[in-house]
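[1] Provide a 3D model corresponding to the input given below.
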Amino acid sequence: MGALPAMASWRINSSLGMIAVLVLALAVSIRVPAVQACLPHPDAPKFTLPRGTHGDPTLTPHEATLFHTPSTATARANLEHITSVPHVAGTPGDHAMATFVRDQFLQAGITNTSTDVVIDPQKVLLAYPVSRSLELIDRTGRVLSAAALSEDIVPSDPTSDTWWRNHTFNSYSPSGQVEGRLVYANFGMPEDFEALAAAGVSCKGAIVIMRYGVCFRGLKVKNAEDAGAVGSIIYSDPQQDGYGQGATYPNGPWRPSSSVQRGSIQFISTCAGDPARAYLPHNRTVDEVCGHSQQELIPQIPVLPLSWHDALPFLRTLGGPVGPEPFHGDLNLTYRMGPSGEDQIVKLKVNNTFQKSPVWNVIATIAGTAPEAEDHPVLLGNHRDAWVYGAADPNSGTAQLIEVARSFGALLKSGWRPRNTIILCSWSGEEFGLLGSTAWAEVNGDDPVDPSRPSTVGTLARASAYLNVDVGVSGPNFGVSGTPSLGQALLEVLEKVPHPQTHAPIAHSFNGQMNALGSGSDYTAFVDHLGIPSIDMHFSPDTAYGVYHSVYDSFEWMITEGDPTFEYHVAMARVWGLLALDLAGSSDDLTPQLLPINVSLQALAIDGYIASSKALLNGSNTNRVDFAPLNAAAAQFAQAASEVMATVEHLKGTPPSPERNAAVVAVNTRLGQVERAFLNPEGLPGRKWFRHVLQAPGLYTGYAPKTLPGVEHAITTQDWAQANQQVLAAAQYIAAAAKVLAVEK
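    Just a heads-up that it's a prediction; the model follows:
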């Protein structure tokens, strides 16, 4: 059993929530959970939101409509329909479900004109399985063992018998046939390959087997490729999400022996989205957008995912030294590093087909009544494509998005209109690497002339927030990752929605921790590339959920294990809709309404990010990095944030007047634009697409976020010149954000 790295958490203690003390808390886990794109990484920095800032739990008439409209019956019926056929991105099933979601939006009463609900096709590079095999052979080529490469039919699960159960694969794996002795590299992290080298185990010319967990699967493959491997296998150890966690499906929620985790293996932390940029955003190639070629963004060695049942006979061939404690999983064997014996050779064959073809987003727009210059749109997004059926990932969120659409449709039928535009987004291609959302964001959000900056015109240039729900329900615990400035608005909403289990407000059982955002879901382009404040919400178990990316993520799993009553579906739809309403406002208010963005929380988070970076220095390295510019910029931002929030409080108590209206418009502009000031047009070192200086996915983790990522990466690689340069860069853009907030005197 391996130990997790220390987890950083910043706690705010204040009855008013405006004055806070930051405490760095460390937690260590003795078991390493699986890493899933839909859930926050266990090593994610956490910002604990202030208690005592909750709003009035009573509902306004408009809020009551959003609260009472979501229905367990319609959520169940829609999820059953969506999961009735496989709908992998770009397939006929995906197009059929795009049409279904569009029709549900229209039937909800979102619009009276066809131009407000559209199917948005985006041409992207996709990959599908044709055939594959994995054999253990001797030196004469005689087959000693062969992997089944098939997920078992479960008699009680009527959708488990599908073509896709016999075609498990990793998208963007190249085709190829390779042979080599087997080496075990644990989770495939850089330190795991360092441990192999220290033990005298070479990966050169080997096939490297690694287990899921800790870092994104694509980075495991990249690390193996860099170490000289000719092929890679990634298997699901029961320690992470199988019998090591509890009873397995269909007798419980965890991964059964034949279950395989599919998934993309592009290098998502280098550049998200289509690795070919087939849609040519503003006529730019992938090299121009990402700073890397297609070949640099996807593996060049064949890769295959495996169940633990199929992996077991291959792992048992391993000789060599016993791996250190962190290498040990829960299978009944000795976890050796390898290699396998000279007469035990692994033969891996992958045949995938690549094609450039469309995926289909669905975009529904509820136009706001505010003048264009005062309109701060709020976007709600969920991806619809799945690795087969996707009852939890992502279509629990899709069913919830339809419930939100029904709720806003009910409001529209009553004559209500939002003051700020609301955009509902059903994305496709997320499972391949955030393809649909990234394409739409680049086409509609990047400056068509200067590719290094977001556009200063159009809907996304004024957007106040992007609210994401991927896996809406896979367990009972509410969790969130997001931009800290949206935290207070979220807490106030959580006071209004009861938890399905306790029936008390969700706020009372929520631990208050807001994880930093990395990557792994559709918020990535909006926050990391365009600088739009974002949130990603879910109900989940304490760790991973066991049928992730398998054929068993089915309607049957949801009604027996995930959310049998669909009360969690309704609860998330309520939270999502009420938060969107809070940001959008109502046309009933004839005067401009203040955006519910608390930048003082962002200031406190920045202090925590700096403390986290400093904590990486130790011993003789403590004076290698000069944090003075960052400290000064953070103080400048905190002062500006304090002043603008004081102005907000003053305006809340000021009667309507032309002067107040003008002041509200000015404050909203500052609050709505400040996150974009954290964008560095040059991007992070070696990662020009990732522009945000406060957070990004870790280069070696893929999903998990790193705060002050340029600084932290340089410190961990002991590149002191770059560390000091990144301190200056981060300080520059934090100071720029302070200037955006600065109260005119």
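
[2] so where is the protein shaky, pLDDT-wise?
    The model of the chain has pLDDT under 70 over residues 1-44, 46, 51-56, 112-115, 743-745.

[3] and the strands in the stretch 351-500 of the chain?
    For the stretch 351-500 of the chain, the strands defined by DSSP state E, counting those that start in this stretch cover 378-383, 422-427, 465-473, 477-482.

[4] no, scratch that, I was asking about the stretch 151-300 of the chain
    170-171, 176-180, 182-184, 207-211, 231-235, 263-264.

[5] closest to Ser452 out of those strands?
    Judged by Cβ to Cβ, the one of the strands of the stretch 151-300 of the chain that comes nearest to Ser452 is strand 263-264, at 26.4 Å. Just so you know, the C-beta spots here come from the backbone N, C-alpha and C atoms, and that holds for glycine as well.

[6] and the closest one, what does it pack against?
    strand 170-171, helix 217-226, helix 430-433 (3 or more Cβ pairs under 8 Å, 6 or more residues apart in numbering; DSSP states H and E).

[7] mean neighbour count added to these, as TSV?
    Converted to TSV, those look like this (neighbours: other Cβ atoms under 10 Å):
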stretch	mean neighbour count
strand 170-171	26
helix 217-226	25
helix 430-433	26
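
[8] Val648 versus Ala507, what's the distance?
    22 Å (Cβ to Cβ, to the nearest Å).

[9] next: Ala98.
    From Ala98 over to Val648 the distance is 40 Å, taken as Cβ to Cβ.

[10] follow-up on the earlier one: tell me which of the helices and strands packed on strand 263-264 approaches Gln294 most closely.
    helix 430-433 (11.9 Å).

[11] which residues does the closest one contact?
    88-89, 124, 126-127, 171-172, 262-264, 266, 268, 272-275, 383, 385-387, 394, 436-437, 470, 521-522, 549 (Cβ atoms under 8 Å, 6 or more residues apart in numbering).

[12] contact partners for Arg211?
    With Cβ under 8 Å, 6+ apart, Arg211 has these contacts: 186-187, 234-237, 240, 329.

[13] in helices only, show me those residues.
    Gln240 (DSSP state H).

[14] so which of the contacts of Arg211 is the closest to Gln300?
    Within the set of these, Ile234 lies nearest Gln300; the separation is 16.2 Å, counting by Cβ to Cβ.

[15] what about that closest one, neighbour count?
    Residues lying near Ile234 (other Cβ atoms under 10 Å) number 27.

[16] now Tyr703: how far from Asn332?
    For Tyr703, the distance to Asn332 - Cβ to Cβ - is 30 Å.

[17] neighbour count for those two, which is higher?
    Higher neighbour count among Tyr703 and Asn332: Tyr703, with 27 against 7, using other Cβ under 10 Å.

[18] wasn't the more buried one part of a helix?
    No - Tyr703 sits outside any helix when classified using DSSP: H, G, I helix; E, B strand; the rest coil, being coil.

[19] mind listing what Thr72 touches?
    Taking Cβ under 8 Å, 6+ apart, one finds 565-567, 569-570 in contact with Thr72.

[20] can you say which of these are buried?
    Neighbour counting with 16 or more other Cβ atoms under 10 Å marks 566-567, 569-570 as buried within the contacts of Thr72.

[21] next, the angle from the helix or strand hosting Phe100 to strand 422-427.
    Secondary structure assignment for Phe100, by DSSP states H and E: helix 92-107. Interaxial angle, helix 92-107 versus strand 422-427 (axes from the mean of the first three to the mean of the last three Cα atoms, to 10 degrees): 160 degrees.

[22] show me what helix 92-107 is packed up against.
    helix 72-82, strand 117-137, strand 345-366, helix 395-413, strand 422-427.

[23] just want the angle from the second one to strand 207-211.
    By that I understand strand 117-137. Using the same axes, to 10 degrees: strand 117-137 against strand 207-211 is 120 degrees.

[24] kind regards, and thank you for your time.
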